[in-house]
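Asks: predicted coordinates and the sequence they were generated for:
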Amino acid sequence: MTVTTSAPAGTRTGPAAGLPLSAAQSGMWYAQALDPSSPALNTAECAEIDGPLDPELFARALRLVVEEADALRTRFVETPEGPRQLVLDEIELPFQVLDLRDADDPAAAAGRWMREDLAEPFDPTGTRPLFRQALLRTGDERWLWYQRIHHLVMDGYGYTLLGRRTAEAYTAFARGEELPARTFGPLAELVGADVEYRSGEAFEADREYWRRLLADRPEAPHLAGRSAQPSRSFLRRTTHLSPEATARLRETAAALKATWPEVLIAAQALYTARATNRQDVVLGVPLMGRMGSAALRVPGMVMNVLPLRVSVEPRQTFAGLVRQVVLALRAARRHQRYRYEDIRRDLGLLGERRSLVGPLVNTMPFDYAVSFAGSPARLRSLSAGPVEDLTVNIYDRADGHGLEIDHDANPALYSGEELALHQRRFLALLDRLVAGDPALPLAAHPVALPEELSLVLREFNDTGHEVPPTTLIGPIEAQAARTPDAPALVFDGTTLTYAELNARANRLARHLAERGAGPGKVVGVALPRSLELVISLLAVVKSGAAYLPLDPDHPARRLTDMLQDTAPVCAVTDHGRRLPSGVDTPLVVLDGLDLSAYPACDPARALTPSHPAYVIHTSGSTGRPKGVVVSHGAIDNRLRWMQHAYPLAPGDKVLQKTPASFDVSVWEFFWALRVGATLVVAEPGGHRDPAYLAWLINEEAITTCHFVPSMLQLFLAEPSTASVAGTLRQVFCSGEALSRDTARAFARRLPGVRLHNLYGPTEAAVDVSFHEVLPEHDGPVPIGAPVWNTRLYVLDAALQPCPPGVPGELYLAGAQLADGYLGRPELTSARFVADPFGPPGGRMYRTGDLARWRADGQVEYLGRTDHQVKLRGQRIELGEIEAALAAQDGVDGACALVREDRPGDQRLVGYVTGAADPVALREAVALTLPEHMVPSAVVVLGEFPLSPNGKLDRRALPAPVHRAGGGRRPTVAREEAMARLFAEVLGLGEVGADDAFFDLGGSSLLAIRLVARIREEFGAELTLGSLFAAPTPAALAARLDSARPSSSDALDVVLPLRPEGDRPPLFVLHPAGGIAWCYAGLPARLGPDRPVYGIQAPGLLEGGPLPRSLEALAAAYVEQVRAVRPHGPYRLMGWSVGGALAQTMAVLLQEAGEEVDLLALLDAFPAEQWRERPAPEEGDALTAVLRMAGLERTEEATKEDVVATLARLGSPLGGLSDVTLNRIVDIVPHNARLMREHVHRRYEGDLLFFTASAPRAEDWLSWESWRPHIGGEIHNLDLDCTHPLITQGRHLDAVAAVVSARLKELDA
Amino acid sequence: MALTLHRIHADVADCLGEETADIPVDENLVDHGLDSVRIMTLLEGWRRDHGVTADFADLAEKPAVEAWAELLGATS
């Protein structure tokens, strides 16, 4: 039987103006409007009713409830004042009765039907009700009451009101009793209370509370490691906490004077903190938001989500954590009326992927049991609205089954398996927490499941392998005896056989032994790459001593420190000038040293595997490098494993190019010689020259070599390297993260050559993990699985093992650990700690690296836990650099960081406050720091940017302007003076005569400063445009000499920002003011060989009629563009009005049969978004002109005022002619009017969009509004800036990075 | 057994983990940490021990000790 009952549709409406939307509703309204066909905002519940039921009476009860509940009779309309809601007097009742008793599986059929219905979107602006009701009969006495309601009008608590009233009415009808009077309050009351609150004092106080609480908030803790927009549906897994555990939960809560939801929230905070490797987490707690208000009796949308900030520290007890949650919630509830959306807006977190909270914990303690004339019903939520990340819904049904727990997840972030794991782990943790003593520290509770613990501790680390007790050198001597005549060492055309090499090393070893070298002693080696370097290293080790590499290129002071700390018995060098004077280490100078008297046979020494083999220094955070002591046993294990994993044979040639001070060199120096292969040594400095390396690999038929990934990238880009694929067999990468892009480039460029990614700190004998990179792999390149006799642990803050997928700090244990830091027992015991998972007495090394296990036993590297960074493979402690900067005169404070303002271009930058000169500072620190640690730029700041809580805000440090690269030195005096001004304005040490201003990082604002400085220095009037026409010191000097700068510069329709280059040009469209100078900084950021042309408004020079329409203007621009480039492909970019123009040009070009393969829009929105809005007036034009000069408009009321201000401040814009200024002031409002009349057609292609995502008054603007006008996909990137700033600084860097990457793909 | 204002006050303070002296009888209990779960818990106890018939919304609407005493007809 199927009966459809519906009342006549209502026609009369309530007050004509309707009600405004409450703050709670507004966000949902826009979310639905942006994606009208999405069902994500559906909410639904289902009640299981056991017993007899009369559908007719049920319909009658529902009609009554719809009559009583305003929210169900609400319709939404768009008005010029924004959306309003109208409460209708009557509305149709969409109610359906389905009899599924004959279905094979009635319950399953009902589930299917409900799922399908739940996938149907509502249209809030349509005429149909925003809810749907159904009764599904799945048995003679079993009914399912299904309700679906749009979230705009109902929340979870509202459902309980509807459920109770429906049951009450049904029961009264069925029993013929009198129905209790209507209990619902009117919707207007809700809206009124909302309006009142938002205009009252409490609103401001609440805003301040949240702003303060969250000013220094941590990043949102996402269990998936990333965030995403909510999907249209969600994954759900339902489980129960056992009745026993539920009882214990209640007991625990009672004992701690907490409620069970608070205990659950504490457990979730603990789980989230551990699973995301954070100690400070922000969870979301949905609250019904009705306490103490009339809203308790109004079904509607009121609920709010409050951010709950919890600090989870391993030493804290669970009781303490629960108490913290109780108090935090108590404080939060006092400010619970302030809306989540407002908190996010206040914190600048609008837009995509700007989350504030991690998982939501939604506890629903309401009484869900109702009855329909004696037939009991249990209500159950089917959908609680969009799921952004993960929501844990917990119901207390008091039905003897224990708590019911739904984990709802965004399918864009979690697979079903991942969700299941999070749920199992959370339940297991909760079980342990309520069973255990709440006074135990949190550290006692692992989050991993027992089987996961066994996997990550034992199975993944099953690396036991017996190795003979040998040393680094023993196998080399044995090899020399086996193959005395085989080639051992090649350098610069000279080859030594094993016998020759062994003999020379033996003689030197004996000499060193006479000078005191022997087991347990240290001998320094200060030689450039050469035969002698290899011989000396062998000799030191043969003597039994450990070698200490002293890179002759390092600054004297650093070498002195190293020698003083290490106190070697002597140091081997080629001449006396390699090492700083004043050091009392005895030198063994090889030049002129006659060793022929010494016997050539292997020297005797009492060397054991536990003696140190080498001491290599790494950067130390306190400003002094630290020497890592590695034993023979450790490095011997490493080399034996390597030979087993990647066997070398006689005939193989290994390239030695890594400086001896970097531990990768250890396997390069010694591996080949232990196994009969040949070592080929690159010339000094050669390791930096890709072309030389390619030549050497081919020339010497190298089969095995190493690259730091950033060097590999450069190597692969070198044209001559493809040929090495013929000889090279295997390449090892280590030292820094190997990107998948580089790995792919490798596979393309060097097919057939194997690529291995190795990982390890100096503190663990070079490498401890390995991974073969295969072309078919995807995703991040792992650092792999542990080598022989080595264990990797990924541990959380409580030193508990992290399950696969969960990030933690990487610890290393096993045979390869270093002995420690020479002469630094405290530092050693801080980093080498007791290993609780291995054999008793064992140690583990704390790497400071963040990592996670993959499910297949491979480890992924995720970054650092501290400020240590790697730059081109070299480990750098920023603290060491900061100490060096701070030690200079005139520096008050210093900080250093590695910036990547352009992708792949990492630069070390120092920042100081004080009165220091940046160039002199750089030179000064170069005297104490090795080259790789000297900042490429030093920026002097007035003060450091601080976060609201007073900490240094590293993210807010400005990008330095780029360093000029050794161009031609200025020759004539005027060139030189001009170059000096360039350098001053750009903050650079030196600028070449032919270096272009904008290529050095000049922006249009810096250009204004430069022109002003030129006027001061030379008294010459230049316009800003001159700089576009003559961008180098030489050209500008020549122009000054000609003494006739033309005011007509750079105001033509086509502005060649950079005409040079072979690739298809990028055309960039002017914003509102009509001038495209704002793109001045773009060409340099796009890299060389990419022509860029600005398109500017016509008539800037001579006036003339204004364009009739945006279409006509776009058509005129198309003609100009075709004059530069007659045929496609065309690449277009536009900002603001220029965006609408660019899209229109793209359409016109496509209609003309041309290809347009790039359309990039900077915070530009389609015409219809503006249609209903007032057009800007002259005042806005004046604001635009002042912004071009980097000024904010204050009191300037007229055009004349603006000109006066520009002139007073010496802005070159003040030099613009009256015609031009008038024109700009006319263009701005005129274009805005044209914009409002324009109708977009469809561009068939993809759109690259950049949103200036800082809060703005026009909060309806969204990139999504391009959807109807774009045939392809839209890729949006949110930039943390306002509209005017999007073409400046790091924001322009980000734009250029994305556009540049896209252009490269198109060119490929 | 009839409910008294004194009993209400003591029960409220206990579920908040506070001393009665620290909970004013005329102030909004939400500001002192009262939430819906605690109200439900109190209500269940009073229904059981004192035959109270009020529902959740009645209590949640005016969360203060004196207001509840009046609502529940408690003796002082």
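Replies: That came in fine, so what should we check first?

Asks: can you give me the end-to-end distance of stretch A:28-40?
Replies: 10 Å (Cα to Cα, to the nearest Å).

Asks: how many residues are close by residue 56?
Replies: Here I'm looking at chain A. A:E56 is flanked by 11 other residues according to other Cβ atoms under 10 Å in any protein chain shown. (Glycine included, C-beta is placed from N, CA and C.)

Asks: wait, chain B
Replies: 16.

Asks: pLDDT wise, what is it at?
Replies: Per-residue pLDDT puts B:F56 at 87.

Asks: would you mind measuring from it to A:G893?
Replies: 57 Å (Cβ to Cβ, to the nearest Å).

Asks: how about A:P80, nearest residue that isn't a chain neighbour?
Replies: In this structure, A:P80 finds its nearest non-sequential neighbour in A:E1172, 6.5 Å apart by Cβ to Cβ, 6 or more residues apart in numbering or on different chains.

Asks: and that neighbour, how far from A:V326?
Replies: According to Cβ to Cβ, A:E1172 stands 49 Å off from A:V326.

Asks: more neighbours: these two, which one.
Replies: Taking neighbours as other Cβ under 10 Å, A:E1172 and A:V326 compare with A:V326 leading, 23 against 9.

Asks: just the element for that one, please.
Replies: A:V326 is located in helix A:318-333, with elements delineated by DSSP states H and E.

Asks: other residues contacting the helix or strand just after that helix?
Replies: Downstream of helix A:318-333, the first helix or strand assigned by DSSP H and E is helix A:340-346. Around helix A:340-346, the neighbours that count as contacts under Cβ atoms under 8 Å, 6 or more residues apart in numbering or on different chains are A:23, A:26-27, A:207, A:210-211, A:214, A:284, A:304-307, A:350, A:354, A:356, A:1255.

Asks: ChimeraX command to pick out the buried ones of the residues you listed?
Replies: Burial among these is assessed by 16 or more other Cβ atoms under 10 Å in any protein chain shown; the matching ChimeraX selection reads:
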select /A:23,26,27,210,214,284,304,305,306,307,350,356
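
Asks: pLDDT-wise, what's the bottom of the contacts of helix A:340-346?
Replies: Ranking those by pLDDT, A:L350 lands last with 62.

Asks: how about A:F832, nearest residue that isn't a chain neighbour?
Replies: In space, A:F832 is closest to A:R843, 4.8 Å off (Cβ to Cβ, 6+ apart).

Asks: tell me how far that neighbour lies from A:P609.
Replies: Using Cβ to Cβ, A:R843 is found at 17 Å from A:P609.

Asks: which parts of the helix holding A:V326 are buried?
Replies: For helix A:318-333, by 16+ other Cβ under 10 Å, it's A:318-326, A:328-333.

Asks: what of stretch A:42-53?
Replies: A:N42, A:T43, A:A44, A:E45, A:C46, A:A47, A:E48, A:I49, A:L53.

Asks: same thing with stretch A:467-483?
Replies: A:V467, A:T470, A:T471, A:L472, A:I473, A:G474, A:P475, A:I476, A:E477, A:Q479, A:A480.

Asks: chain center to the longest helix along chain B: distance?
Replies: In chain B, taking DSSP state H as the definition, the longest helix is helix B:36-50. Here helix B:36-50 is found 8 Å from its chain centre; the criterion is Cα atoms, centre = their mean, to the nearest Å.

Asks: one more: stretch A:500-509?
Replies: Here stretch A:500-509 is found 53 Å from its chain centre; the criterion is Cα atoms, centre = their mean.

Asks: ok, stretch A:126-134 next?
Replies: Worked out by Cα atoms, centre = their mean, stretch A:126-134 lies 42 Å from the chain centre.

Asks: what does stretch A:691-703 give?
Replies: That offset, for stretch A:691-703, works out to 38 Å (Cα atoms, centre = their mean).

Asks: how about stretch A:1259-1271?
Replies: Mean-position distance between stretch A:1259-1271 and its chain equals 25 Å (Cα atoms, centre = their mean).

Asks: ok, the most centrally placed residue in chain A - contacts?
Replies: In chain A, the centroid-proximal residue (Cα atoms, centre = their mean) is A:R226; its distance is 8.6 Å. Contact analysis of A:R226 by Cβ under 8 Å, 6+ apart lists A:L413.

Asks: tell me where the model's unsure across chain B.
Replies: B:1, B:76 (pLDDT under 70).

Asks: pull up the gap between the residue nearest to A:F832 and chain B, please.
Replies: 45 Å (Cβ to the nearest Cβ, to the nearest Å).

Asks: same check, this time on A:T865
Replies: Taking Cβ to the nearest Cβ, one finds A:T865 at 36 Å from chain B.

Asks: for A:I616, same thing?
Replies: From A:I616 to chain B the distance is 57 Å (Cβ to the nearest Cβ).

Asks: which residue is the nearest non-sequential neighbour of the closest residue to chain A within chain B?
Replies: Using Cβ to the nearest Cβ, the closest approach of chain B to chain A is made by B:G17 at 3.3 Å. The spatial neighbour of B:G17 that comes closest, neighbours along the chain excluded (Cβ to Cβ, 6+ apart), is A:K257 at 3.3 Å.
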